[in-house]
Structure formats: C-alpha cells, structure tokens
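Trainee: Below: sequence and its predicted model.
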Protein chains: 2
Amino acid sequence: MVLSKACTYGILASLYVARETHQENEFVSIRQMSDELNISFHFLTKILQKLTKSNILISLKGPKGGVALSRPPKLITMLDIVIAIDGPDLFSECLLGLPGCGSQKPCPVHEQWTAAREDLRIMFQGKTLADTSHDVEALNLRLSLPKMENKW
Amino acid sequence: MVLSKACTYGILASLYVARETHQENEFVSIRQMSDELNISFHFLTKILQKLTKSNILISLKGPKGGVALSRPPKLITMLDIVIAIDGPDLFSECLLGLPGCGSQKPCPVHEQWTAAREDLRIMFQGKTLADTSHDVEALNLRLSLPKMENKW
DNA sequence: TTATATTAAGACAAATAAGTCTTATATTGA
DNA sequence: TCAATATAAGACTTATTTGTCTTAATATAA
C-alpha cells in the first residue's frame, strides 16, 4: 500500500472540510464528518490532530467547535497532508529499502524509482484542496467509504 | 511503504540467485544466501516458498539442495516477483482506497494515479532478472542489507 | 457560574505484518 | 539402509498499524 489508511482518511476528511467551507474560519464538526464519511470518530479525531499539529487545520473545542482549514484551500496541497500524516519517507526512500542507496551506490532500481517517486511528489504537490474539491463538486465525486454492515 | 519488506527481500534474493547462477538448474543454498544478504534465514525461507509456489523458483531438499531459477533469468521480471509476494493490488487499487473507484466514478486522484501506477508496472515489467543482475555485476551494486548489530 | 457540547490526549484492544522456532519431509552419500 | 543435511510447513512471538474507549480540557450559552 502506498499511503496508510490514516493518510487516505486524512485526505478524504480534508476534502470534506474544503467542500463544506464557504468562508474563512468555518468549523466543521468531526462527529458529523465521521458519520458522513463512514470513518470511526475516534480514529478520525486522532488523524485530524496530526493535521492541526502540522498547521494544516485549526480546531475549536466546545459547542460549535470542530476543525477548519488554517489557510485558503488553494494553499494546501495533498503533499502537505501526506507528509503530515505518513511523513516524508515515501518521497526519499529506496524502493528496496537499501540504506545508503543513492547515485554513488545505487540499488538496482534506483534511477527509475527516483524518477517515478518524483512524478508522484509533483502530482501530490500539484493537487491543491481548492481545485481538488472543485472537481469533487463539479464531478460529484464520492468521498465517503462504504458503510460497514454486518458481514451476513 | 510501496513494497512490503518480504517483497524487497524476495527481489534481493532473486537477484542473488541470478548472480550466482551460471548454468541451468544451479541450486543456491538458502542458508548461505541469508548469511550474505543479512536476512533472517527462516523468514527468507518463507518468502522463497512463495516464489517456488508461483513457479519463479524451484527448490530441492537435502544436501546440495537450495533454490534455483525455474527459467532463464531474462524470462523473469521484477513484476513477476512483486505480484508473487505482494499480490497484484498495487497495480489496480485506488490510491485513496475508495472501493468502486474507476472511470465512471473516479476518486479525486484517479486519473493521475492510474497513469503513475501504470508507469510503475511498466518499470517493473521491463526489469528482467537477466539485465538487472547484469547491472548488479557491472556496477558492483550492493544487494545485502546492513548487518544488524546491537543498538549501542 | 454552571451544564453541555465538543476536541485533546492517552490507555487499551484487535488486526496485520514481520520475524523466530520446532517438527516433518525429502535428498544425498556412505 | 541409515545418518546427515537441506527445504517445507506451520505454530508461535513480536512489532506496527488500526481502531476503541475513557477521561481531561475548553468553549458556548443559558
């Protein structure tokens, strides 16, 4: 798996906040978000705490509380979110996990993976919350996970 | 992490077998391999069993036993190994884990990830054990993991 | 100021991945 | 045939990720 589940949840939630936000400092309830996205409330809370610590979101306790974007959505990229949750390793690590892999002492897939990795980084960096959530509305994209029912 | 540890070990071991093999049906000892690559013997054994079950390697018990390539190294690709160990999901799954993501109902990164994923697949498919292990010899590439010493 | 609603924090539990150990099975060579 | 050597198989342990629950802290509004 390329992104952890926590990271994909963080991305979906951020897109949700962006979609629900039409003015600055508009707080979105985590409980409502977890209900609509079908993500466990407590788990989502923990993930969003990472985003607030990384200054991507701000949070407010108490009634009318929730989370809000810390800055205009066009200044928040998917890369920001991925790095905040999964850390930067995806964009620097050797595909085969060989420590010290680099241009001096490359692993057998060093060149190609370095290029592919960079493409990936550019893709994430190019996707801002503004244009992605615009796509979500325009194309009616689904953000929510399927509801988990009993297995029979 | 893109590839599981088991998968990277499987790739390194396959390259090791290819490098040590100079004629057909030449068996390489797993014990010796695990020593030289600094991979736990039992864990490596388990991983290689997947490769023999997928008909990438063949194995022989008893003295002079070990594993050997099941076919000429130019007919074995990294893609074969990745799929044998990690399964095919990496090359078909939605980056955000949304089930049902596809061209009809795309996730917010569907297009770009589909393209990036395909590049990755082509990269793995293009790397045969023959030319990769040739590179390993020509460029003196390291295959082994660092020896794990005590942490102080 | 107090009750209520909400996030923060951290302990705990479950699921999965990684790694270890023991026993069974097959092959070799004396 | 028998002892030694190697992989196969699977039980078991440990580490990490995912998910749940409880309590603390904070903001709102009556």
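Mentor: Noted; the coordinates are in hand. Numbering: from 1, shown residues only, chains lettered A, B, ... in the order given.
Trainee: give me phi/psi at A:Val28?
Mentor: Main-chain torsions, A:Val28, degrees, to the nearest 10: phi -110, psi 130.
Trainee: Tell me how many other residues crowd it.
Mentor: Look at A:Val28: counted by other CB atoms under 10 Å in any protein chain shown, it has 20 neighbours. Where C-beta positions appear, they are placed from N, C-alpha and C, glycine not excepted.
Trainee: Please apply the same query to A:Ala130.
Mentor: 16.
Trainee: Thought A:Pro73 was touching it, still the case?
Mentor: Yes: assessed by CB atoms under 8 Å, A:Ala130 is found in contact with A:Pro73 at 4.1 Å.
Trainee: list residues touching both of those two?
Mentor: A:Ala18 (CB atoms under 8 Å, 6 or more residues apart in numbering or on different chains).
Trainee: What residues of the least confident helix or strand in chain A by mean pLDDT count as buried?
Mentor: Lowest by mean pLDDT, DSSP states H and E among the helices and strands of chain A is helix A:129-138, with a mean of 91. Within helix A:129-138, the residues scored as buried using 16 or more other CB atoms under 10 Å in any protein chain shown are A:129-130, A:132-133, A:135-136.
Trainee: Likewise for stretch A:34-41?
Mentor: A:34, A:37, A:39.
Trainee: Pull the contacting residues for the second one.
Mentor: Neighbour list for A:Leu37: A:9, A:12-13, A:16, A:44, A:143-145 [criterion: CB under 8 Å, 6+ apart].
Trainee: hmm, 7 Å instead?
Mentor: Contact partners of A:Leu37, counting by CB atoms under 7 Å, 6 or more residues apart in numbering or on different chains, are A:12-13, A:16, A:143-145.
Trainee: returning to that earlier point: out of the buried residues of stretch A:34-41, name the ones that lie in helices.
Mentor: Residues of the buried residues of stretch A:34-41 located in helices (DSSP state H): A:34, A:37.
Trainee: Redo the buried residues of stretch A:34-41 as a markdown table? Include distance to B:Ser92 and pLDDT.
Mentor: A markdown table is the format used below for the buried residues of stretch A:34-41 (distance: CB to CB, whole Å; pLDDT from 0 to 100):
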| residue | distance to B:Ser92 | pLDDT |
| --- | --- | --- |
| A:Ser34 | 28 | 97 |
| A:Leu37 | 23 | 95 |
| A:Ile39 | 23 | 96 |
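Trainee: could the buried residues of stretch A:34-41 be laid out in TSV, adding distance to A:Ser92?
Mentor: Output for the buried residues of stretch A:34-41, formatted as TSV (distance: CB to CB, whole Å):
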residue	distance to A:Ser92
A:Ser34	32
A:Leu37	30
A:Ile39	29
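Trainee: shaky segments in chain A?
Mentor: Within chain A, the segments meeting pLDDT under 70 span A:148-152.
Trainee: what does it have sitting close to DNA strand D?
Mentor: A:1, A:4-6, A:9, A:40, A:42-43, A:45-46, A:60-65 (CB under 7 Å from any atom of the strand).
Trainee: mind running it again at 6 Å?
Mentor: A:4-6, A:40, A:42-43, A:46, A:60-64 (CB under 6 Å from any atom of the strand).
Trainee: If we check DNA strand C, which of the residues you listed are in contact?
Mentor: A:42, A:61-63.
Trainee: doesn't A:Ser144 make contact with A:Tyr16?
Mentor: No: the criterion here is CB atoms under 7 Å, and A:Tyr16 misses it with A:Ser144 at 8.6 Å.
Trainee: The two - which one has more neighbours?
Mentor: Neighbours of A:Tyr16 and A:Ser144, each counted by other CB under 10 Å, are more numerous for A:Tyr16; the result is 21 against 14.
Trainee: quick one, what contacts that one?
Mentor: Taking CB under 7 Å, 6+ apart as the test, what A:Tyr16 contacts is A:33, A:37, A:143.
Trainee: Would you mind measuring from it to DNA strand D?
Mentor: 16 Å (CB to the nearest atom of the strand, to the nearest Å).
Trainee: give me the element that residue is part of.
Mentor: Taking DSSP states H and E as the criterion, A:Tyr16 maps to helix A:5-20.
Trainee: For that helix, output the C-alpha coordinates as CSV.
Mentor: C-alpha atoms of helix A:5-20 as CSV (Å, rounded to 0.1, in the frame of the first residue of the first chain):
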residue,chain,number,x,y,z
LYS,A,5,-5.2,4.2,5.8
ALA,A,6,-4.8,7.0,8.2
CYS,A,7,-3.4,9.1,5.4
THR,A,8,-6.3,8.3,3.0
TYR,A,9,-8.7,9.2,5.7
GLY,A,10,-6.9,12.4,6.3
ILE,A,11,-7.1,13.3,2.6
LEU,A,12,-10.8,12.5,2.4
ALA,A,13,-11.6,14.5,5.5
SER,A,14,-9.6,17.5,4.3
LEU,A,15,-11.5,17.4,1.1
TYR,A,16,-14.7,17.2,3.1
VAL,A,17,-13.8,20.2,5.1
ALA,A,18,-12.9,22.1,2.0
ARG,A,19,-16.2,21.3,0.4
GLU,A,20,-18.2,22.4,3.4
